[in-house]
Structures are given as structure tokens and as C-alpha cells.
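Attaching a predicted model along with its sequence, questions to come.
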Amino acid sequence: MTNPATTNTYPSNRFSIAPMLDWTDRHCRHFHRVMSKNALLYTEMVTTGAILYGKGDYLQKGDSEHPVCLQLGGFATADLAQSALAGKERGYDEINLNVGCPSDRVQNGRFGACLMAEGELVGDAVKAMHDATGLPISVKTRIGIDELDSYEFLCDFIGQVAEKGCDTFVVHARKAWLSGLSPKQNRDVPPLDYERVYQLKKDFPQLTIALNGGIKTLDECETHLQHLDGVMLGREVYANPHLLCSVDQRLFAGQEKILTHFEVLEKMYPYIEQQLTNGSYLNHIARHMLGLFQGMPGARAWRRHLSENGHIPGAGIEVMKKAASFVSES
């Protein structure tokens with residue numbers, strides 16, 4: 001899907017920022033959008049139960065976030081279709097189904113990575129969501145689960161889901177162990193197998209295949225994009241967000257000036273002031289910005305000052321400015 005906010009000829013999922021539970025909220029997404037106009041942003045995974053029966057507003061987003069994808073967790077086709085429709089009504093540009101999370105809580109709800117063993121069900125869910133919304137529907141998956149980790153198994157799963165109309169897959173290039181490893185260990189312990197994802201693109205050339213897992217630099221992104229349609233970064237973007245400032249030029253042939261670290265901060269001030277007026281606490285926003293000055297002199301003092309003062313009731317822009325005063329360009 002092409003980003004409606006730009007005139008570039010690349011699909012937005014050429015570069016995306018991974019859905020990360022407890023992190024990629026609306027404040028985080030606004031911060032990331034300041035640095036890249038083209039990256040596809042994701043919500044945290046939101047369960048169908050939360051959307052349909054929860055008391056909170058789990059679909060909050062800002063007008064500046066487009067293109068933005070709502071990631072859903074669930075297995076019941078009717079619930080997924082209804083949740084996807086709710087996402088469309090709130091203005092999300094596409095819907096993604098989580099078939100990659102290995103946590104016990106997710107498994108107990110019969111969604112996430114365990115759904116790799118139920119390709120027909122996943123395909124039916126994709127079709128139901130598309131029929132309900134008309135939006136692009138993608139699937140985020142692993143390359144296998146437990147002992148179901150052969151290339152043939154992966155191809156069967158992709159084929160079953162693609163037959164029902166899914167043409168975009170984001171593949172975390174690790175298998176998932178549904179027992180014996182924590183979610184954190186499942187992000188690091190199973191070995192990466194990029195070649196398997198490359199082969200998937202060769203065998204399914206008509207599909208859009210994006211790669212997730214272990215990518216840390218834009219140089220690596222460019223290498224993977226020689227073989228695949230897209231790349232997805234998660235933790236590295238969170239630890240070193242300023243790399244997003246080069247994404248539009250490097251990966252989307254953008255002509256805009258690359259923002260400096262301090263220019264990013266200046267562009268965040270109006271948003272922060274608006275959100276504080278609306279009742280947010282400074283640390284709700286500042287926690288996503290702790291890595292902004294990563295690698296620069298004074299970055300540690302920046303992080304410490306925000307961490308120690310951002311949560312204090314009434315903390316405002318002056319706390320950000322004081323924290324920034326500890327940082328120097330060289």
C-alpha cells in the first residue's frame with residue numbers, strides 16, 4: 001500500500017517499525033513519524049477481546065500517524081472481522097494479524113505463533129477481515145514453531161493463507177518455541193535464517209515478503225531489500241531512534257533534509273505541550289525518547305534527568321530542555 005501522505009513510488013511496508021507490546025503506543029508513533037514520513041507504523045498487538053469487550057480505548061491514534069497499521073491478536077473469524085472493522089472506522093490504513101507471538105498468555109488465548117499450525121483458520125480469518133473492511137490485510141509470522149520447522153511446513157502455511165487473499169507477509173526469520181523459552185528468549189535464542197525467507201520470496205514471487213529479526217542498520221536493510229520487498233525493525237529503532245531520520249532518503253529516495261537530534265526534539269515540543277494540556281504525564285511521552293541522543297556526549301545525563309523528573313506531577317517542557325542541556329553535538 002502506497003503512503004497517501006507522500007508521492008514516492010515505494011510501498012510503505014518497504015520499511016516498517018515492529019509492533020512492540022507496551023511500547024508502540026500513540027506517543028511513540030508520533031515521535032517516530034516526526035523522523036520518517038514514509039515508514040509504516042504499527043500499533044501494539046491489540047486483542048479482539050480488548051476491542052470488543054474492554055472498557056478502555058485501545059484504538060487511540062493521532063492524525064499524524066499515517067500510514068499506520070493495526071495489529072490484532074485473536075483467532076475467531078467473526079471477532080477479528082468486527083475488530084478490523086472497528087479499526088477501519090478509526091482510520092487505520094491496514095490490518096495485521098499476529099501469528100508470531102509465542103507467549104504463554106497468547107497461546108492460552110489460542111492466538112499468536114500457535115496459529116501457524118492452523119493455516120486454514122488463519123486464511124479464513126484474513127478473508128473475513130478483508131471482506132468486512134476492504135483494507136489490506138497482512139500476516140506477521142515466524143518461520144516455524146517447535147518441531148514444525150521445515151521449509152515445506154512454512155510453504156504450506158504461506159500457501160494456505162495466500163489462497164484466501166493475503167498477499168503480504170512479515171516474516172520473523174526465527175522459529176518460535178511454544179514451551180521452554182520465554183518471549184524474550186524467543187527473540188534471541190532460535191537462530192536467524194534469512195536465507196529461508198529469501199527462498200520464500202523466490203517461491204512466492206507474487207507475494208509481498210518483508211523481513212523481521214536481528215536487523216540493526218540501514219546498510220543491512222539495503223542488503224535485505226536486494227532480495228525482499230520490505231524490512232521491519234523493532235528494538236534497534238527503539239534503542240537508537242535517530243536512525244529513522246535517514247530512512248526516507250536511504251530507502252524511499254526522499255529529498256527532505258535529514259533532521260538533527262536537536263531538530264527532532266524541537267519538533268516534538270508542540271505535541272508534548274498539547275498532550276500535557278490534555279492530561280498526559282510527561283513521562284508517558286519522554287520514555288519513548290530516552291534513546292534520541294544515543295552515542296552522543298551527555299546522552300546518559302539526558303536519560304537520567306528524564307527518568308528522574310519526567311514522572312513528577314506537573315513536569316513539563318522545562319524538564320526536556322534541562323535534560324537536553326546536558327547533551328553536546330560532539
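Received it, and whenever you're ready, just let me know what you need. Small disclaimer: the values here were computed from a predicted structure and weren't measured.

Which positions in stretch 263-277 come out as buried?
Buried positions in stretch 263-277, judged by neighbour count with 16 or more other CB atoms under 10 Å: 264-265, 268, 271-272, 275-276. Heads up, the C-betas are built off the backbone N, CA and C, glycines and all.

same question for the top helix by length along the chain, mean pLDDT?
The longest helix of the chain (DSSP state H) is helix 261-277. What helix 261-277 shows for mean pLDDT is 97.

which outside residues touch that helix?
Here helix 261-277 makes contact (CB atoms under 8 Å, 6 or more residues apart in numbering) with 27, 30-31, 34-35, 242, 245, 259, 282, 284-285, 289, 292-293, 296, 316-317, 320, 324, 327, 329.

Buried ones among those?
Buried among these by 16+ other CB under 10 Å: 27, 30-31, 34-35, 242, 245, 259, 282, 284-285, 289, 292-293, 320, 324, 327.

And the next helix or strand past the lowest-mean-pLDDT helix or strand in the chain?
For the chain, using mean pLDDT, DSSP states H and E, the weakest element among its helices and strands is helix 104-108, scoring a mean of 60. Counting by DSSP states H and E, the element after helix 104-108 in chain order, helix or strand, is helix 119-133.

quick one: average pLDDT of that next one?
pLDDT averaged over helix 119-133 gives 97.

the inter-axis angle of the helix or strand that comes right after that helix versus helix 119-133?
Using DSSP H and E, the helix or strand that directly follows helix 119-133 along the chain is strand 137-142. Inter-element angle recorded for strand 137-142 and helix 119-133: 150 degrees (by axes from the mean of the first three to the mean of the last three CA atoms, to 10 degrees).

now for strand 137-142, which elements pack on it?
If you count contacts as 3 or more CB pairs under 8 Å, 6 or more residues apart in numbering; DSSP states H and E, strand 137-142 packs onto strand 94-99, helix 119-133, strand 168-172.

who does whichever helix or strand comes after it touch, helix- and strand-wise?
Next in sequence after strand 137-142, counting helices and strands by DSSP H and E, comes helix 151-163. Contacts defined by 3+ CB pairs under 8 Å, 6+ apart place helix 151-163 against helix 119-133, helix 194-203.

Excluding covalently adjacent residues, which one is nearest to Glu163?
Gly123 (6.2 Å; CB to CB, 6 or more residues apart in numbering).

number of nearby residues for the one you found?
Using other CB atoms under 10 Å, Gly123 has 21 other residues around it.

Contact partners for it?
160-166.

Let me know the closest of these to Leu72.
Proximity of those to Leu72 (CB to CB) peaks at Cys166, which lies at 13.4 Å.

Gly180 versus the nearest residue to that closest one once chain neighbours are set aside, what's the distance?
Spatial nearest neighbour of Cys166, chain neighbours left out: Val126 (4.5 Å); criterion: CB to CB, 6+ apart. Distance, Val126 to Gly180, using CB to CB, to the nearest Å: 29 Å.

Low-confidence ranges, the stretch 101-250 of the chain, go.
104-109, 181, 186 (pLDDT under 70).

residues touching Ser179, list them.
Going by CB under 8 Å, 6+ apart, Ser179 touches Asp146.

any idea whether it is helix, strand or coil?
Under DSSP: H, G, I helix; E, B strand; the rest coil, Ser179 falls in the coil class.

hang on, the earlier thing: just the CA trace of the longest helix of the chain, in CSV.
Output in CSV follows, covering the C-alpha atoms of helix 261-277 (Å, rounded to 0.1, in the frame of the first residue of the first chain):
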residue,chain,number,x,y,z
HIS,A,261,18.8,15.1,17.0
PHE,A,262,18.0,18.6,18.4
GLU,A,263,15.7,19.4,15.5
VAL,A,264,13.7,16.3,16.3
LEU,A,265,13.4,17.4,19.9
GLU,A,266,12.2,20.9,18.8
LYS,A,267,9.6,19.3,16.5
MET,A,268,8.3,17.3,19.5
TYR,A,269,7.7,20.3,21.7
PRO,A,270,4.3,21.3,20.3
TYR,A,271,2.9,17.8,20.5
ILE,A,272,4.2,17.4,24.1
GLU,A,273,2.6,20.6,25.2
GLN,A,274,-0.7,19.7,23.6
GLN,A,275,-0.7,16.2,25.3
LEU,A,276,0.2,17.7,28.7
THR,A,277,-2.8,20.1,28.3
